[in-house]
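Colleague: Build me a model from this:
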Amino acid sequence: MNVEMDGVCFSYTTVKVLNDITLKIQPSELVSIVGPNGVGKSTLLHCMNKILKPTSGTVLIGEKDLDEYGIKELAKHVGYVPYVPSDSFPLTVIDTVLMGRHPHSGWRFTESDVNLAYDIMDGMGISDFAMRPFNSLSAGQRQKVMLARGFAQSPEILLLDEPTSNLDVKHMLEVMKILRKMSKENGVTVIMVNHDLNMASKFADRMILMSNGGIHTIGTPTEVVTRENLRDVYGVESEVVMDLGRPYVILRDVVQENGRREDAPCAVPPQSVPS
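Modeller: The predicted structure is shown next:
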C-alpha cells in the first residue's frame, strides 16, 4: 500500500509542529525519516496512523482517506512500533507478541497464529525466553519483542519510531536486514524514524530529511546525505564518502558562529549524527 500526504499541518495548541507536508511513499519502499530532535519526525509518523489528527491537509492509506478507517480496520493494514517501549505488560513474551495478531484473530489465537509468532521470535533470536515475563526483560530485549509484535501483525505498512534505539550494532544490523527483507520480499511498505544517518543510508530506498517542521530534502540516500544538507540542517561539518554505492558520514565538527571549519575529527562516533 502507498501512503500519501497533501498539505498536512499539525499544531499543539499554538505551537506549529508540521507545516505543509506533501509526499508520496510507494508500496514496498523502505523509507527513513531523519533530522534533528524536535523537527516533527515522530509527529509525522503519528499522523499516518491516527494517533494524531492533522490540523489540516489529507492523508491517504492506499486509495482511502485515513479518516475513513476505523481503528481495527486500520490495524489490519498499518502496524506501529513505538520508540523505546514504555508499556508494562503483565504478560509473557509469547503473549505480548501474539497481541500483534489481535486485529486478525481477536483474542482467540489459532495454532497458525502461535506458529507465526514463534517463527518471528526465532528470526529475532528471542524464542528462548518466550515464557519469560515481558517486564523482566532488558530495554534492548523489550525493543526486540515490540518489533516482533509489529511483525506478527502482518501489516501492509509498518511504521517504526527509532526501532534500533536500544540495540547493539550486531542486532541493529540484523533488524535492519529483516526490515529490508520484509519490504522487498513480502511487499511491506516500511517507514521509520531513524537518528543514525549511516544506518538509514545503508538500507533505505529513500530518505526524508526534516527541518523545522517541514521537508528539507526527500530522495535517495545519495541525494539526501550531502555535506551541504548536513551543514544546513544539523549544523555540523562533515565528509561524505561512498561505501558500496551508499553515502557514509564522517563527522568533523559543529559549524562555528563565524563559519570557520575545524579540520580535527570530532569525538562523536562516525556511525551516528548527534540529534
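Colleague: who's in contact with Leu159?
Modeller: Taking Cβ atoms under 8 Å, 6 or more residues apart in numbering as the criterion, Leu159 is in contact with Leu45, Met48, Asn49, Val78, Gly79, Tyr80, Val81, Ile191, Met192. Every C-beta, even on glycine, is put in place using the N, C-alpha and C of the backbone.
Colleague: Pull the number of nearby residues for the closest residue to the fifth one other than its chain neighbours.
Modeller: Same thing as Gly79. Using Cβ to Cβ, 6 or more residues apart in numbering and skipping the chain neighbours, the partner closest in space to Gly79 is Pro155 (3.4 Å). Counted with other Cβ atoms under 10 Å, the neighbours of Pro155 add up to 23.
Colleague: Next one: His46, what pLDDT does it get?
Modeller: In the prediction, the pLDDT value recorded for His46 is 96.
Colleague: any idea which helix or strand carries His102?
Modeller: Taking DSSP states H and E as the definition, one finds His102 inside helix 102-105.
Colleague: so where's the chain shaky on pLDDT?
Modeller: Judged by pLDDT under 70, the chain has its weakly predicted residues at 84-89, 257-275.
Colleague: you'd agree Lys41 is up against Ser211?
Modeller: No - under the contact definition of Cβ atoms under 8 Å, Lys41 does not touch Ser211, with a separation of 10.5 Å.
Colleague: The two - which one has more neighbours?
Modeller: Between Lys41 and Ser211, counted using other Cβ under 10 Å, the more crowded position is Lys41 (25 against 16).
Colleague: What are the phi and psi values at the more buried one?
Modeller: Main-chain dihedrals, Lys41, degrees, to the nearest 10: phi -60, psi -50.
Colleague: how about it, what does it touch?
Modeller: Applying Cβ under 8 Å, 6+ apart to Lys41 gives the contacts Ile33, Val34, Gly35, Val193, Met210.
Colleague: ok, back up a step: report all helices and strands that the helix holding His102 contacts.
Modeller: When contacts are defined as 3 or more Cβ pairs under 8 Å, 6 or more residues apart in numbering; DSSP states H and E, helix 102-105 sits against helix 71-75.
Colleague: Residues touching the helix it packs on, excluding its own?
Modeller: Identification of contacts with helix 71-75 by Cβ under 8 Å, 6+ apart yields Asn49, Lys50, Ile61, Leu66, His102, Pro103, Gln153.
Colleague: Spatially nearest residue to Gly100 (excluding sequence neighbours)?
Modeller: Take Gly100 and drop its neighbours on the chain: the residue closest to it by Cβ to Cβ, 6+ apart is Ala152, 3.3 Å away.
Colleague: Look at that neighbour and say how many residues are nearby.
Modeller: Other residues near Ala152 number 23, with proximity taken as other Cβ under 10 Å.
Colleague: Please determine how far the closest residue to Pro90 other than its chain neighbours is located from Leu167.
Modeller: Nearest non-adjacent residue to Pro90, counting by Cβ to Cβ, 6+ apart: Asn135, 6.9 Å away. Here the criterion is Cβ to Cβ, to the nearest Å. By it, Asn135 lies 19 Å from Leu167.
Colleague: These two - which one has more neighbours?
Modeller: Comparing Asn135 with Leu167 by neighbour count (other Cβ under 10 Å), the higher total belongs to Leu167, at 19 against 12.
Colleague: Test my guess that that one contacts Gln141.
Modeller: No - taking Cβ under 8 Å as the definition, Leu167 is not a contact partner of Gln141, at 9.8 Å.
Colleague: Can you show me the helices along the stretch 51-200 of the chain?
Modeller: Counting by DSSP state H, counting those that start in this stretch, one finds helices in the stretch 51-200 of the chain at the ranges 71-75, 93-98, 102-105, 111-124, 139-152, 169-186, 197-203.
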